[in-house]
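Asks: sequence unavailable; structure follows:
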């Protein structure tokens with residue numbers, strides 16, 4: 001399974017970072033950072049009864065899809081993409097930083113945070129404590145915990161560590177068992193993600209959001225992830241109870257980011273400058 005391969009590689013990466021000097025450098029960098037922006041707050045402000053808040057993803061490639069756009073092989077500008085998202089009305093960002101499988105980089109996160117005013121999720125596969133210091137040091141406002149890749153103790157401990165570093169936490173689930181684990185072991189969690197992608201086949205099914213959302217208490221903020229491509233999909237997840245959605249592929253593959261966001265969220269605030277997406281060429 002691709003997740004197992006990613007996690008194994010991630011653990012080997014972290015073994016090379018296990019030194020007091022590296023952790024010390026991250027803590028020094030954190031001291032120079034401004035306070036994180038409120039990721040959850042941005043989503044709560046952006047959602048409505050008819051439209052979820054939008055977390056727009058900055059992603060160069062994926063293991064299943066390859067490059068999001070052919071031209072990314074020669075030119076990938078995360079700041080340009082993030083700026084287009086901001087101008088088109090996104091409420092928050094997700095920035096892929098894994099190098100081996102997604103061709104990401106922590107520097108992408110730093111560059112994006114310097115250029116836009118939106119809070120950002122460090123989209124990474126968290127398997128060790130040092131990654132949380134890295135996320136904070138490079139400018140993240142929120143981190144991701146994937147239940148499928150963690151044991152229960154890690155889930156609890158990592159949530160506490162993230163909170164101590166003043167980071168919001170998005171906890172990602174894929175099925176009933178994972179969701180029950182979150183509700184039982186981390187009841188204080190506010191932001192719960194439902195990933196519609198099957199980790200074995202990589203196919204997507206919005207029925208996953210519809211099924212799991214029914215089990216989530218009303219005081220939680222549900223984020224539907226993956227498989228959201230058209231307005232009907234947005235209506236479907238809102239009716240299921242989602243208050244936010246995380247979208248990458250359909251935005252990045254669109255001819256115009258601004259037009260695509262307006263299609264998904266007709267009430268989105270769009271820029272009066274040149275239409276976003278025209279710079280793909």
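Replies: Noted; the coordinates are in hand. The structure presented is a predicted model; accordingly, all values stated were derived computationally and were not measured.

Asks: can you pull out the strands in this structure?
Replies: With DSSP state E as the criterion, the chain has strands at 53-58, 61-62, 66-67, 92-96, 120-123, 142-146, 168-173, 191-195, 221-225, 244-247.

Asks: turn the ones you listed into TSV, columns for mean neighbour count.
Replies: The way it works is simple: take the backbone N, C-alpha and C, and place the C-beta from them, glycine included. Below are these laid out as TSV (neighbours: other CB atoms under 10 Å):
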stretch	mean neighbour count
strand 53-58	27
strand 61-62	18
strand 66-67	14
strand 92-96	27
strand 120-123	27
strand 142-146	24
strand 168-173	25
strand 191-195	25
strand 221-225	25
strand 244-247	26
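
Asks: in stretch 2-19, what counts as buried?
Replies: 6-7, 9-10, 13-14 (16 or more other CB atoms under 10 Å).

Asks: what does stretch 35-45 give?
Replies: For stretch 35-45, a neighbour-count test (16+ other CB under 10 Å) marks 36-37, 39-40, 42-44 as buried.

Asks: return the distance of it from the chain's centre.
Replies: 13 Å (CA atoms, centre = their mean, to the nearest Å).

Asks: ranges for the helices of the stretch 1-150 of the chain?
Replies: For the stretch 1-150 of the chain, helices defined by DSSP state H, counting those that start in this stretch occupy the ranges 2-15, 20-31, 39-46, 78-88, 106-115, 130-137.

Asks: and of the ones you listed, who's closest to residue 230?
Replies: helix 78-88 (16.5 Å; CB to CB).

Asks: residue contacts, residue 145?
Replies: The contact partners of residue 145, taken as CB atoms under 8 Å, 6 or more residues apart in numbering, are 126, 155, 158-159, 162, 169-172.
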